[in-house]
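# Next one to model:
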Amino acid sequence: MFRADAYERGVQFTARLDKFERPLYLMAHHDDEIATAGLLQRLSPRARVVWVTNSDGLYFESQLSPPEYGLVRKQEGINSVAIASIPEANTSCLDFSEVEIYRWMSELHSGKSTIEDARPFFDTIRKGVREAIFTIKPDAVFTLAWQGGQPEHDLTHFFGRLAVDDLKRETGEPVEFFHCPAYEYTILVAVRFHPLYKGTRIRLRLTEQELNKKRKMIEAYPSQVRLFNDFQKVFRWIVKPVGYLTGGPKTAEEFMAVEEFGPVPENLDYLAKPHLHDFFTYMFDDFEGVPVTFSRSVRPIVRAFL
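Numbers count the residues shown, from 1 in each chain. Presented below is the predicted three-dimensional model:
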């Protein structure tokens, strides 16, 4: 039943898209916009895209240094959103290094650093997100879901929430705040909310033209080919069989042609674990062998800024 309701909400949502004069995509990494690339197309060309990091985190899979790899990823992001008719002038990158973010989060986990040590670093990110939102003054913000799949996704969402609340409080203007799921349990639950998610779901069916552009946006990220291939494997072995049993999508194309997002619940508890056990939150995430966890890496940051 929820799926039918979600699609109807998608129709209703699309009918009012023109009311958003200054929509903002606030993403952690270059390529995070792919999950809702169809929605971004419908918001173009007036949409703004802000990436919080320079996306240098996987530099070790290349022959490049982190700054060099970050430059590649930033250009890929500009190329990607251009396919969705977002001009480069409507994009910006706050340029925070994933490597440094992970370094601090791992030190929080290990106890090598305290939150008092780390707070000034994360405060620069919080202020950067706030400044971007106060400069653009969006009437709608679309960011990554708070779901315990990737720590920088969650921090981007959290700092976005703080900034949106500040903007509404200081200007008195309404700002709609939406989150878009990326993945959790590594990528076993990809670009969909968890089946037990209790918030409101909105689902869009993309047109063939929108889907074609979405494919081209994926192709704009040659540095991320392995990640996209991993998703294809997960789809083949898990999503496809479930689709045959439930009447859901049976091909990757059918799966990509549907996008899910929703309004961020007002009562979302940012201090509560996204999953029952830390093992299932940021599964296998680490920095140089030191784990990054919610309880010891992200929750202290959240508590410091609430």
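# the strands in the stretch 101-250 of the chain, which residues?
140-144, 176-180, 183-184, 189-190, 202-205 (DSSP state E, counting those that start in this stretch).
# helices or strands up against the first one?
I take that to be strand 140-144. Here strand 140-144 touches strand 23-27, helix 151-171, strand 176-180, going by 3 or more Cβ pairs under 8 Å, 6 or more residues apart in numbering; DSSP states H and E. Quick note: C-beta positions are derived from backbone N, CA and C, even for glycine.
# tell me the most buried of those?
With neighbours taken as mean count of other Cβ atoms under 10 Å, these reach their highest mean count in strand 23-27, at a mean of 27.
# so what pLDDT did R3 get?
pLDDT, R3: 61.
# Equivalent analysis for the one 4 residues further on, please.
Confidence at Y7, expressed as pLDDT, is 96.
# just for the stretch 151-300 of the chain, where's the confidence low?
231-250 (pLDDT under 70).
# Let me have the strands of the stretch 101-250 of the chain in JSON lines, extended by distance to D56.
As requested, these are arranged in JSON lines below (distance: least, Cβ to Cβ, whole Å):
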{"stretch": "strand 140-144", "distance to D56": "18"}
{"stretch": "strand 176-180", "distance to D56": "23"}
{"stretch": "strand 183-184", "distance to D56": "20"}
{"stretch": "strand 189-190", "distance to D56": "23"}
{"stretch": "strand 202-205", "distance to D56": "31"}
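# most tightly surrounded among the ones you listed?
Scoring these by mean count of other Cβ under 10 Å, the most buried comes out as strand 140-144, with a mean of 25.
# Who does it pair with, and is each partner parallel or antiparallel?
Here strand 140-144 is paired, per DSSP bridges, with strand 23-27 (parallel), strand 176-180 (parallel).
# Name the residues that touch the last one?
Residues external to strand 176-180 that are found in contact with it (Cβ atoms under 8 Å, 6 or more residues apart in numbering): 20, 35-36, 39, 139-146, 157, 160-161, 164, 191, 202, 259-264.
# what do you get for stretch 154-164?
Surrounding stretch 154-164, the residues in contact under the criterion Cβ under 8 Å, 6+ apart are 26-28, 52, 101, 122, 125-126, 129-130, 132-134, 141, 143-148, 175, 177, 179, 264, 268, 270, 274, 294, 298, 301-302, 305.
# Quick check: bridge partners of the residue most central in space within the chain?
If you average the C-alpha coordinates of the chain and look for the closest C-alpha using Cα atoms, centre = their mean, you land on L144, 3.0 Å from that point. In this structure, L144 has the following beta-bridge partners (DSSP bridges): C180.
# Which parts of the stretch 101-250 of the chain are helices?
In the stretch 101-250 of the chain, helices defined by DSSP state H, counting those that start in this stretch lie at 115-136, 151-171, 208-219, 225-234, 240-246, listed in chain order.
# what distance separates the third one from the middle of the whole chain?
Translated: helix 208-219. Taking the mean of its C-alpha atoms, helix 208-219 sits 19 Å from the chain's own mean (Cα atoms, centre = their mean, to the nearest Å).
# and that helix, what does it pack onto?
Using 3+ Cβ pairs under 8 Å, 6+ apart, the elements in contact with helix 208-219 are helix 37-43, helix 66-83, helix 252-256.
# before we move on, the earlier item: identify whichever of the strands paired with strand 140-144 lies nearest to S110.
Among these, the nearest to S110 by Cβ to Cβ is strand 23-27 (28.4 Å).
# Export that closest one to CSV, keeping only CA atoms.
What follows is strand 23-27 as a C-alpha-only set of coordinates in CSV (Å, rounded to 0.1, in the frame of the first residue of the first chain):
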residue,chain,number,x,y,z
PRO,A,23,15.9,24.7,-4.6
LEU,A,24,19.2,23.5,-3.3
TYR,A,25,20.9,20.1,-3.6
LEU,A,26,23.2,19.8,-0.5
MET,A,27,25.4,16.7,-1.1
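# Provide a list of residues in contact with G111.
Under the criterion of Cβ under 8 Å, 6+ apart, G111 has no neighbours.
# cool, the one 10 residues further on as well?
Applying Cβ under 8 Å, 6+ apart, one finds that F121 lies in contact with E100, W104.
# measure it to F159 for me?
Computed as Cβ to Cβ, to the nearest Å, the F121 to F159 distance reads 13 Å.
# how about the helices of the stretch 101-250 of the chain in JSON lines, adding distance to E88?
As requested, the helices of the stretch 101-250 of the chain are exported to JSON lines (distance: least, Cβ to Cβ, whole Å):
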{"stretch": "helix 115-136", "distance to E88": "15"}
{"stretch": "helix 151-171", "distance to E88": "21"}
{"stretch": "helix 208-219", "distance to E88": "15"}
{"stretch": "helix 225-234", "distance to E88": "23"}
{"stretch": "helix 240-246", "distance to E88": "37"}
